[in-house]
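A.B. asks: sequence unknown, structure follows:
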């Protein structure tokens, strides 16, 4: 079966992003510093930036069509700069967005940088929400697109609340919160079903994952844009 090419999935976590590119017709290779035995594709364990730098130096980057990166940026995520910082919780966090972008620019390849809502310094060329795909999670995510672009899709109105407690009040709703435990938050089974992730049942991995529907859409949009340029 002919594929659209190969995606390098950096900071791959459990493979939510990678699986979406797979559904869009790409082969996928992952890289993450943590052991990810459930990652569903070929996988390199190691520092993602060191690995990317080595691929550039050796020319190995040439086998890829697109690079996706989800660098850690807890220092600027909404939870850290809000609740945690206000209470003096947590430790120092890494912000790897800028060095990631610098290396991605050196590859000469089109790329995608993914970040949650917050103050991470990326261009918000695209943002996606679970409601756009009829999912049971909202999980808003921002994407910087390097070397290519796509029109922002319409954002449907949310259908109600996210189930659970907020400010001491419990509400039912069509969405579940795919993080934390208790208080009406999603069970592991609900997290798997609501995001379309079946290959891992590790709560922490599910908490960090993006729904594959997002990158399936991105991968399809990338190929459409690429074909339009060729034509």
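C.D. replies: Arrived safely, thanks for sending. Since the model is a prediction, treat every value here as computed from it, not as a measurement.

A.B. asks: quick one: the strands in the chain, in order.
C.D. replies: Ranges of strands in the chain, per DSSP state E, are 6-10, 27-32, 42-45, 66-69, 111-116, 126-128, 141-146, 164-166, 169-171.

A.B. asks: now, of those, which is deepest in the fold?
C.D. replies: strand 6-10 (a mean of 27; mean count of other CB atoms under 10 Å). C-beta coordinates here come from the backbone N, C-alpha and C atoms, glycine included.

A.B. asks: what is the mean pLDDT for it?
C.D. replies: The average pLDDT within strand 6-10 is 98.

A.B. asks: ok now it, how far from the chain's centre?
C.D. replies: 12 Å (CA atoms, centre = their mean, to the nearest Å).

A.B. asks: ok, now stretch 111-123?
C.D. replies: 10 Å.

A.B. asks: got the end-to-end distance for that stretch?
C.D. replies: 13 Å (CA to CA, to the nearest Å).

A.B. asks: tabulate the strands of the chain in a markdown table, adding columns for distance to residue 207.
C.D. replies: Output for the strands of the chain, formatted as a markdown table (distance: least, CB to CB, whole Å):
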| stretch | distance to residue 207 |
| --- | --- |
| strand 6-10 | 18 |
| strand 27-32 | 15 |
| strand 42-45 | 20 |
| strand 66-69 | 19 |
| strand 111-116 | 11 |
| strand 126-128 | 18 |
| strand 141-146 | 14 |
| strand 164-166 | 15 |
| strand 169-171 | 21 |
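
A.B. asks: for those strands, which one sits closest to residue 203?
C.D. replies: Among those, the nearest to residue 203 by CB to CB is strand 164-166 (15.6 Å).

A.B. asks: parallel or antiparallel, which strands does that closest one pair with?
C.D. replies: With DSSP bridges as the test, strand 164-166 is paired with strand 169-171 (antiparallel).

A.B. asks: pLDDT of the strand it pairs with, averaged?
C.D. replies: pLDDT averaged over strand 169-171 gives 96.

A.B. asks: use 49 as the first number for this chain going forward.
C.D. replies: New numbering, starting at 49: the last item is strand 217-219.

A.B. asks: what about the helices in this protein?
C.D. replies: 64-71, 96-106, 126-127, 133-135, 145-155, 236-243, 251-256, 260-278 (DSSP state H).

A.B. asks: highest mean neighbour count out of those helices?
C.D. replies: helix 64-71 comes out most buried of the helices of the chain by mean count of other CB under 10 Å, with a mean of 25.
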